[in-house]
Each structure stands twice: as structure tokens, then as C-alpha cells.
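Enquirer: all I have is the shape, not the residue letters:
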């Protein structure tokens, strides 16, 4: 899922302190799972902002709402009209959700409360780790299911650099050397020989941005005409 | 509790204003002590800044 | 086929000596000129590092060019950290035009190691791919298959870490060495060796490739330096007896030079040369060579 973390309180305060009324809009999908922007976090941030607002002698109206997700337009229906009554929306979604909110609720100002970090997994309670860099050309088959693009700090594909120490990365003793992990995994799978193969040059066209993915099976000609921007 | 204190700190309120005590239902002594501690903190820290009457400009 | 002075040195069968020089931060080159004066005639070639340790410095290409003027044989070190494939190919062509005939392809330290940690790391290519690129340019075409108007003829080398400290890392270093040779590496310079036995074991695995290997050595300046490297630098393992010797020595400089020279003597029979990495201490290299009997 997408992992995001809440911005520093000071930064959030600075971005809304001159607003008269703010709706904090949470998202019930990824950011709820990584406990950064779900209904609970919306409530906590709302309390904090109300307290701060009072301490600073300001009278900002702070209200709360959470929708299923902010990356599918249908979920905005329930709050679209109400949202337009506010001076600003403080979105607790990932960057994609914030942008969609800004688009759907235009011209209402939408401000992000989170910093989107990466695509990752839950390692343990309160710990999330990056697993995928959305490179657009998944080569996990060749590396025993361990991504060298993501886990190797230098995204090396033909083997480790000389900085691997104690099985850890040159960047930090707290990060595993992806190549040691890949070697050990392939060893368990009796596939070490595959590491002798040359990895091809990366094709960065798969990462040209902004990306767009169209599945023709779901396209209707009239929708295409309407959505082309 | 750590998290609650952190949130208060972010806002600018002293974290000592909130504490958690684990006290058995019949443990009057501990309860009294906890109450004393919080009263003492409250006195030392002064009135809760959030309790200023509305309209008072800081 | 390349015919650089470095290649000729290897072909002659002599024990090749290379040193390393690190450009400084700024446009002054007097210090480099002095180092060149000290090393001239004493070493077969000099590596010039490329933003070593990810600290922004004067470029390797320009110093390589100046070294030629000053009478030395330069080795252009090129990392994958800062430049994409377009810039790397271009820099290689440019270096050739400036008279540089040898190069070493490296991955490069992360920006976080240096003084511009917020810089964007590039790593468009890795060192294996960079060696392929060099070979392609030598053959007269770029990576997109276009023919070149005028081609270089680089004598390209690579690096290897015989001190990799886990089975996985060690075996992978050897696999990568094999790939680098297949990609066009014609010689290797190793991470600093402090244990001849470890090096002997490594050379046993590498002999089969019949490729010149230069054993890397770093002269110690103090026990503290040895401990620091043991703790922080991958592949370096200075044994306790050596650290003790440095601690006990009254004249640290003399001890450091002697230790380095002794190491070179014990490694001499196992490989085709030595690569002396005395960054910041380049002027001591002739002394080391003297004591090692390599003048």
C-alpha cells in the first residue's frame, strides 16, 4: 500500500493558520492502514489544531470527515457540497488523493497534511518498509522476489558495490545489503547460477512521468472523448 | 501516553499536564498520591492555557 | 587494441605500480602539480579519483589531462553516481580527446557519504554496464547503436573487494568480477589488503581469468586510522598486530611506511602489481617504494 506520514505539526499549522474554517478530510484506505490519515488520525489532528488555534488566540472552525478513499471520484459525492463551504480542506490522503481532492473540489483550496513516502508493507506494529519503486518493469523473477531497484540504495542490478559490510548497506548499518539478501534467497532456491547472467540496461521510459495507464477493455468511446485533457 | 504527551508538546502545551497511573480499585493510598502529584503539577504549571475565556487576545 | 603506456607496462611483465591522487575542492592545481613532480618516474600510472567519497571536487578528467602535461600516465576514474549514460559516454569521448587512454569504471559512493547529501543519486548504469559502454565506444558505436565519427581506444579496468566479509558478499564480488571481465575489464585494482593470506585465497579464485590484478594498499598513519577503517570501511580489515605496531611506534610516519612496504613485499609474488592509495599522503609514495625495493 502507499505509506505516508503526517507532516510536522508546525508545518501543518503554518499552512492553515490564516484560514477561517478548515475541513480535515481523512482517507479510509492506505493511510488508515498505516495509521497516518484515517478517521482516528483526523480526530487527533483536529484536537491538536483546535488547541493550537485557541492558544494562538485565533478562532478557526475545524471540522472532520473521512471518506473511503480520495483517489476515486465517486467517494467525494457525500462531502462535495459541504466541502465547498470551507475556507480550506486539509487532506490527510496521499499525494494522489490530495490532488484529486483539489480537482474535484476546485476552487476550494486543498492543503496536504501528509508526506507520501513510498509503496510498502507492514513489518510490525508501527513499522512500514518500502518494497517497490514503481519502476514499470518488474524484474522480481530474476532476484528471488527481492527487488534490487528498491532495496539496493544504488539500484544496482549486476551485483553489489564494494560497500557491503556485515551484510549491511554502505548507507547505514541498519539497512540490509539487498545483494546479500538476494544471494541468500537464491541459494535457498538453488538458483545461484542465475546471478551470473548480465542484467540489461534499465529503460527509464517506463518511469517517465506523469504516468498514465489505460486498460482498453474498460474504455467506452464516449468516456474517452470526455476525459481527454 | 507517550503519544499523547508528544501531541500536546507539538501544540505547545506542557506534557506533564497529562499522566497515566495504574491503580488498583482498592488502593486508596496510590490514588491519593497520584491526585497530589497532579495537583502539584497543575499548580506549578499554572492554569491550562486553553481555558482562557473566549475573546481574550493573547 | 589499446596501446597505452599502462598496458605496455602490464605486457612487459614487470611488477606494475600505480598510485592514486585526489583532486582538491577548487580551481587551484598547484598541489596536484607538486604531487605529479614527486611521483614522476616512480610509478607506472596514477588514478585520479572522481568526486571521491561523494565530496564535490575538481574533476578527474581535467587532472588526468594535466598529468599528461606533467609527464605522468593518468587513469581516469569514472563513477556511476553523478552522470547518466548520455553524460558518461560524452565524458569518455571528451577524456579521449584530451589525451587520456586509461580508465577505471566504478559504482561510486552514495551522495549521503559526502558533503552534498541532498543531491540526487543517478546510478543510471552500474559498473558492469559502464565497462560494456566503454567497449562499445572503443568499437566505434554508442549505446544506441549509432556509429561514432572517431572512436577512442580505452584500456579499461575495474575494482574488486577481496575483503568482502560475508559468504554472500564475497561470492558476489567474484561473480561480478567475472561479469566485469566479460564486459571488457582488462585489469583490476583491489580494495586495500592488510592480510596476505586473505589475498592469497582470493588470487587462487581469480588466477583462472589470467587478468592483471593490482593489490591495493593503504599506508597507515596511526592506530586510530586503522581502527576507523576497520569500523567504517567495507572490506578493510587491519589485523591487531599491525595496529599494535602503530600504537607502539614512536615515529608513526616511519612505521606506516615500513608496514606498507613490508605488505607490498609479501603481496608481490601473488599478483601483477600494486595500487598505492595514499590520498593526502601522495608525497610519501616514493619512500614506500624505496623501502619496498621497487625503485
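Expert: Received it, and whenever you're ready, just let me know what you need. All figures in this text were calculated on a predicted structure; none of them were measured in a lab.
Enquirer: so residue C:92 makes contact with residue C:83?
Expert: No. Residue C:92 lies out of contact with residue C:83 (C-beta atoms under 8 Å); the separation is 10.2 Å. Glycine gets a C-beta too; all of them are placed from N, C-alpha and C.
Enquirer: tell me where chain A has helices.
Expert: Using DSSP state H, the helices found in chain A span residues A:9-16, A:30-33, A:39-55, A:80-83, A:95-104, A:148-151, A:178-188, A:221-227.
Enquirer: chain C now?
Expert: Ranges of helices in chain C, per DSSP H, are C:5-11, C:30-39, C:60-69, C:85-97, C:127-138, C:167-183, C:196-206, C:223-232, C:240-248, C:252-267, C:285-291.
Enquirer: by contact count, what packs against the third one?
Expert: If I follow you right, that is helix C:60-69. Applying 3 or more C-beta pairs under 8 Å, 6 or more residues apart in numbering or on different chains; DSSP states H and E, one finds that helix C:60-69 contacts helix C:30-39, strand C:45-48, strand C:74-79, helix C:85-97.
Enquirer: hmm, back to that, neighbour count: residue C:92 and residue C:83, which is higher?
Expert: residue C:92 (25 against 20; other C-beta atoms under 10 Å in any protein chain shown).
Enquirer: for residue C:186, see how far away the more buried one is.
Expert: Separation of residue C:92 from residue C:186 (C-beta to C-beta, to the nearest Å): 15 Å.
Enquirer: over to residue C:30?
Expert: 33 Å.
Enquirer: now residue C:287
Expert: From residue C:287 over to residue C:186 (counting by C-beta to C-beta), the distance is 30 Å.
Enquirer: spell out which parts of the stretch 101-250 of chain C neighbour chain A.
Expert: C:107-110, C:112-113, C:121, C:123-129, C:143, C:159-161, C:164-166, C:168-169, C:171-173, C:175-176, C:178-179, C:182-183, C:191, C:233-235 (C-beta under 8 Å from any C-beta of the partner chain).
Enquirer: among those residues, name the buried ones.
Expert: C:107-110, C:113, C:121, C:123-129, C:143, C:159-161, C:164-166, C:168-169, C:171-173, C:175-176, C:178-179, C:183, C:191, C:233-235 (16 or more other C-beta atoms under 10 Å in any protein chain shown).
Enquirer: most tightly surrounded among the helices of chain C?
Expert: With neighbours taken as mean count of other C-beta atoms under 10 Å in any protein chain shown, the helices of chain C reach their highest mean count in helix C:127-138, at a mean of 23.
Enquirer: could you check the angle it makes with helix C:167-183?
Expert: For helix C:127-138 against helix C:167-183, the angle by axes from the mean of the first three to the mean of the last three C-alpha atoms, to 10 degrees is 10 degrees.
Enquirer: helix C:127-138: how far from the chain's middle?
Expert: 17 Å (C-alpha atoms, centre = their mean, to the nearest Å).
Enquirer: what is it packed up against?
Expert: helix C:85-97, strand C:102-106, strand C:155-160, helix C:167-183.
Enquirer: make a markdown table out of those and add mean pLDDT and distance to chain B.
Expert: Putting these into a markdown table (pLDDT from 0 to 100; distance: least, C-beta to the nearest C-beta, whole Å) gives the following:
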| stretch | mean pLDDT | distance to chain B |
| --- | --- | --- |
| helix C:85-97 | 98 | 44 |
| strand C:102-106 | 98 | 44 |
| strand C:155-160 | 98 | 47 |
| helix C:167-183 | 96 | 38 |
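Enquirer: how about the residues of chain A near chain B?
Expert: A:8-10, A:44, A:47-48, A:51-52, A:54-57, A:59.
Enquirer: for those residues, give me TSV that also has pLDDT and distance to residue A:32.
Expert: Shown next, in TSV, are those (pLDDT from 0 to 100; distance: C-beta to C-beta, whole Å):
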residue	pLDDT	distance to residue A:32
A:8	97	21
A:9	96	20
A:10	96	24
A:44	96	13
A:47	95	18
A:48	95	18
A:51	93	23
A:52	95	24
A:54	92	28
A:55	92	29
A:56	93	29
A:57	91	33
A:59	92	30
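Enquirer: and these, which two are the farthest apart?
Expert: Pairwise distances among the residues of chain A next to chain B were taken by C-beta to C-beta; the largest, 23.6 Å, belongs to A:8 and A:59.
Enquirer: go through the helices and strands packed on helix C:60-69 and name the closest to chain A.
Expert: Ranking those by proximity to chain A (C-beta to the nearest C-beta) places helix C:85-97 first, at 7.5 Å.
Enquirer: contacts for the closest one?
Expert: Applying C-beta atoms under 8 Å, 6 or more residues apart in numbering or on different chains, the external contacts of helix C:85-97 come out as A:201, C:61, C:64-65, C:76, C:78, C:80, C:83, C:103, C:124-125, C:130, C:133-134, C:137, C:142-143, C:148, C:152-154.
Enquirer: among the helices of chain A, which is nearest residue B:20?
Expert: Nearest of the helices of chain A to residue B:20, taken as C-beta to C-beta: helix A:39-55 at 16.9 Å.
Enquirer: give me the contacts around the closest one.
Expert: Applying C-beta under 8 Å, 6+ apart, the set of residues contacting helix A:39-55 from outside is A:6, A:9, A:12-13, A:16-17, A:22, A:24-26, A:28, A:31-32, A:35, A:59-60, A:62-66, A:90, A:92, A:113, B:7-8, B:10-13, B:49-50, B:52, B:58.
Enquirer: kindly give a single PyMOL line that selects the buried subset of those.
Expert: In PyMOL, this line selects whichever of the contacts of helix A:39-55 come out buried by 16+ other C-beta under 10 Å:
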select buried, (chain A and resi 6+9+12+13+16+22+24+25+26+28+31+32+60+62+64+66+90+92+113) or (chain B and resi 7+8+10+11+13+49)
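Enquirer: of all of chain C, which residue lies closest to chain B?
Expert: Closest contact between chain C and chain B, by C-beta to the nearest C-beta, is at residue C:118 (25.3 Å).
Enquirer: can you put the helices of chain A in JSON lines and add distance to residue C:269?
Expert: Output for the helices of chain A, formatted as JSON lines (distance: least, C-beta to C-beta, whole Å):
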{"stretch": "helix A:9-16", "distance to residue C:269": "63"}
{"stretch": "helix A:30-33", "distance to residue C:269": "61"}
{"stretch": "helix A:39-55", "distance to residue C:269": "67"}
{"stretch": "helix A:80-83", "distance to residue C:269": "79"}
{"stretch": "helix A:95-104", "distance to residue C:269": "61"}
{"stretch": "helix A:148-151", "distance to residue C:269": "38"}
{"stretch": "helix A:178-188", "distance to residue C:269": "32"}
{"stretch": "helix A:221-227", "distance to residue C:269": "73"}
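Enquirer: and these: which comes nearest residue C:242?
Expert: Distance to residue C:242, taken as C-beta to C-beta, is lowest for helix A:178-188 among the helices of chain A, at 27.5 Å.
Enquirer: what's the angle between that closest one and helix C:167-183?
Expert: Using the same axes, to 10 degrees: helix A:178-188 against helix C:167-183 is 100 degrees.
Enquirer: please point out which parts of helix A:178-188 sit buried.
Expert: Of the residues in helix A:178-188, A:178-184, A:186 count as buried by neighbour count, 16+ other C-beta under 10 Å.
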